[in-house]
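**Student:** Build me a model from this:
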Amino acid sequence: MLFRFSGLAASLLLLSAGAVQATPKPVMQELFSSSRTLGGRVVAYPAGTPEMRIYRITLPSGAKIPLHTHPSPVVVLVEKGALTNVRVVDGVEETSVVKAGDGFLEGHPGEPHYVVNQGDEPVVSLVTFASVEGMPNMIRME
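**Tutor:** Sure, this is the predicted structure:
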């Protein structure tokens, strides 16, 4: 059996086939990956019922999160601005400036640290805690 298409029918068939082929593909971009803190220590996952937490934290110019540790792994991805991370590694302060688009890993009890915005604009960060139910996100140090 032979089919004949009119010009309009053939055009519609080609257009619909083109629309199916033009379906957009997902774009996956790894933003950060690490198993070690900025101080070089490997983080450990706590025992308990896993609980993931994600926060968007905005630090105005001059704002500081005081000296603390994390009882679970924490991934920080800076979205805007530049965040200064000061950590104490084997009794010595080490400083890193983490700019927009970069990230870092925290979560070792032997590496207390604080973060501060020393820039002129707010710092916006996405912070993910790989924690367990009932565990605090951070432990302040005096």
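**Student:** contacting residues for Thr95?
**Tutor:** By CB atoms under 8 Å, 6 or more residues apart in numbering, the contact list for Thr95 reads 84-86. All C-beta atoms are positioned from the backbone trio N, CA, C, and that covers glycine.
**Student:** element containing the one residue sitting closest to the centre of the chain, please.
**Tutor:** When CA atoms, centre = their mean is applied to the chain, the residue found nearest the centroid is Leu77 (3.7 Å). Secondary structure assigned from DSSP states H and E places Leu77 in strand 74-80.
**Student:** same question, Leu105
**Tutor:** strand 103-106.
**Student:** which residues of the chain score low on pLDDT?
**Tutor:** 1-21 (pLDDT under 70).
**Student:** which residue ranges form the helices in it?
**Tutor:** 7-21 (DSSP state H).
**Student:** Rebuild the contacts of Thr95 as CSV, extending it with neighbour count.
**Tutor:** Converted to CSV, the contacts of Thr95 look like this (neighbours: other CB atoms under 10 Å):
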residue, neighbour count
Thr84, 17
Asn85, 21
Val86, 16
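**Student:** Now flag whichever of the residues you listed is closest to Pro50.
**Tutor:** Asn85 (25.6 Å; CB to CB).
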